[in-house]
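Asks: what follows is a protein structure lacking sequence information:
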């Protein structure tokens, strides 16, 4: 009796523990697929076993561990996607890189030369899971940029960093999970500076209006779109009610997934999109992550097994 197809998965131990669950292993076995955990010698193993096919090899995944490298691959996109309702356009908001050791004057000059206006969002260049790689700073005034350039390491976000234009979007983030040809979109809450400003202006309590900020013009955050621990995992819509942002048809998410996959030559990732409430035909791609938290999705085991079956089918077809 022939051995069933074997799919090896190479993940950091914490991710492997979350994703390669007994439930997933059983679901794969039921589909006639054996799962194994791979060690760190993946590419050398392939060299000695030329019949082994690697999907998403480490050298390609490394692109997404560096936001500068990711933007160099995708920062120039201007995709027009046809839908039954008309054409939607996808771009990346303007950005620049604030180099390590940059002074306040250099950072301010770089932001101005790149056509950015405050507020801007600042993220570390490194997105590889190291301490601080999920940090986020909102710079609303030049004083905030000074704090960041002079005290970034103390505040948890040291340069080098990517500064990107903030785009008003109703506080709604569209997070799209991709597993090959399988695409799942969920909504999550995001920064809504306009709503916060309105709330402050309408606050009646003097304390709310005068709360001190140790770093005026700068606010530190961490993983704004992270999955809230107070709700059941798997919820598809967690965006704030009444955000007023109209999502495009599903075919847009699928087409974007296909184009991103073609550019990066990757199959397992998610991407984040914001849409201005005033112009639902304009999509802004703001982040991409490799092998995101699929375990947060309802029925993720079935999604993974469907992807595994696609891999096996493609391999057999070759």
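Replies: Now that the structure is in, tell me what you want to look at. What you see is a predicted model; the values in this text were computed from it and never measured.
Asks: please enumerate the helices of the stretch 101-250 of the chain.
Replies: 104-113, 142-155, 193-202, 206-210, 250-264 (DSSP state H, counting those that start in this stretch).
Asks: wait, which of those helices is closest to residue 22?
Replies: For those, the distance to residue 22 is smallest for helix 250-264, at 29.2 Å, taking CB to CB. Using the backbone N, CA and C atoms, a C-beta is placed for each residue, glycine as well.
Asks: starting at the chain centroid, how far to that closest one?
Replies: 14 Å (CA atoms, centre = their mean, to the nearest Å).
Asks: now do that helix, average pLDDT.
Replies: Averaged across helix 250-264, pLDDT comes to 97.
Asks: buried ones in it, by neighbour count?
Replies: For helix 250-264, the neighbour count (16 or more other CB atoms under 10 Å) marks 252, 253, 254, 255, 256, 257, 260, 261, 264 as buried.
Asks: isn't the fifth one up against residue 269?
Replies: No: counting by CB atoms under 8 Å, residue 256 stays clear of residue 269, with 11.4 Å between them.
Asks: tell me the spacing between residue 98 and residue 123.
Replies: In this view, residue 98 and residue 123 are 10 Å apart by CB to CB, to the nearest Å.
Asks: tabulate the helices of the stretch 101-250 of the chain in TSV, adding columns for distance to residue 279.
Replies: Converted to TSV, the helices of the stretch 101-250 of the chain look like this (distance: least, CB to CB, whole Å):
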stretch	distance to residue 279
helix 104-113	24
helix 142-155	27
helix 193-202	15
helix 206-210	32
helix 250-264	15
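Asks: those: which one's closest to residue 170?
Replies: Comparing the helices of the stretch 101-250 of the chain by CB to CB, helix 193-202 comes nearest, at 8.0 Å.
Asks: what comes up buried for that closest one?
Replies: Neighbour-count burial for helix 193-202 [16+ other CB under 10 Å]: residue 193.
Asks: among the helices of the stretch 101-250 of the chain, which comes closest to residue 49?
Replies: Residue 49 sits nearest to helix 250-264 of all those, at 25.2 Å, using CB to CB.
Asks: after the closest one comes which helix or strand?
Replies: strand 268-274 (DSSP states H and E).
Asks: distance between that following strand and the chain's centre?
Replies: The answer for strand 268-274 is 5 Å, by CA atoms, centre = their mean.
Asks: does anything pack onto it? Which helices or strands?
Replies: Packing contacts for strand 268-274, counted by 3 or more CB pairs under 8 Å, 6 or more residues apart in numbering; DSSP states H and E, involve strand 172-179, helix 250-264, strand 282-290.
Asks: and the helix or strand following the last one with strand 172-179, angle?
Replies: In this case it means strand 282-290. Counting by DSSP H and E, the next helix or strand C-terminal to strand 282-290 is helix 300-317. With axes from the mean of the first three to the mean of the last three CA atoms, to 10 degrees defining the directions, helix 300-317 sits at 40 degrees from strand 172-179.
Asks: quick one on the thing from earlier: out of the helices of the stretch 101-250 of the chain, which gets nearest to residue 70?
Replies: Among the helices of the stretch 101-250 of the chain, helix 250-264 sits nearest to residue 70 (CB to CB), with 8.1 Å.
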